[in-house]
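>>> what's the 3D shape of this:
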Amino acid sequence: MEERGALPIHGRIHHVATVVSDLDAAVRFHTDVLGLPLEQIADVPSQEVRIAFLTAGDSKIELVAPTNSTSGVARFLASKGEGFHHLCLEVADIDAELQRLAAMGIQDRKSTRLNSSHT
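Now for the predicted structure:
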């Protein structure tokens, strides 16, 4: 039974994102050293990043690299260095979840979200 206010995740962590300065080197490490299969590499111009997804069991690892020195990810990298950026939990209805969280006083930090082909 779900607790009141609990996030209704549906069975898994979709992905864990790590910010990296060199996407190609990070992909080589994850594929050659860790043996993780590369799923895709994509440019996401709206976020000013290049991303790579690697499969890790039922979940994924997302590597995120800025494409310029002024993007939000570039500022994150400059202030915090490479490392953990975010955790994505799979939910059945993202819009309903954002409404539920907003009703609890939790605001969506971004006015735009990546479409499901990038998450």
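>>> what comes into contact with whichever helix or strand residue 16 is part of?
Using DSSP states H and E, residue 16 maps to strand 9-19. Applying C-beta atoms under 8 Å, 6 or more residues apart in numbering, the set of residues contacting strand 9-19 from outside is 26, 53, 58-66, 73, 76-77, 80, 82-92, 119. Quick note: C-beta positions are derived from backbone N, CA and C, even for glycine.
>>> After that strand, which helix or strand is next? Please name it.
That would be, after strand 9-19 and using DSSP H and E, helix 23-28.
>>> how much distance is there from the strand holding residue 16 to the middle of the chain?
When distances are taken as C-alpha atoms, centre = their mean, to the nearest Å, strand 9-19 is centred 8 Å away from the chain's centroid.
>>> same question for it, mean pLDDT?
The average pLDDT within strand 9-19 is 83.
>>> who does that strand pair up with?
In the sheet, strand 9-19 lines up against strand 59-66 (parallel), strand 83-91 (antiparallel) (DSSP bridges).
>>> can you pull the buried residues of the shortest one?
Meaning strand 59-66. Using 16 or more other C-beta atoms under 10 Å as the burial criterion, the residues of strand 59-66 that qualify are 60, 61, 62, 63, 64, 65, 66.
>>> ok, the residue lying closest to residue 70 once chain neighbours are set aside - contacts?
Among residues not flanking residue 70 along the chain, residue 48 sits closest, at 7.7 Å (C-beta to C-beta, 6 or more residues apart in numbering). Shown in contact with residue 48 (C-beta under 8 Å, 6+ apart): 66, 67, 68, 70, 71, 72, 73, 74.
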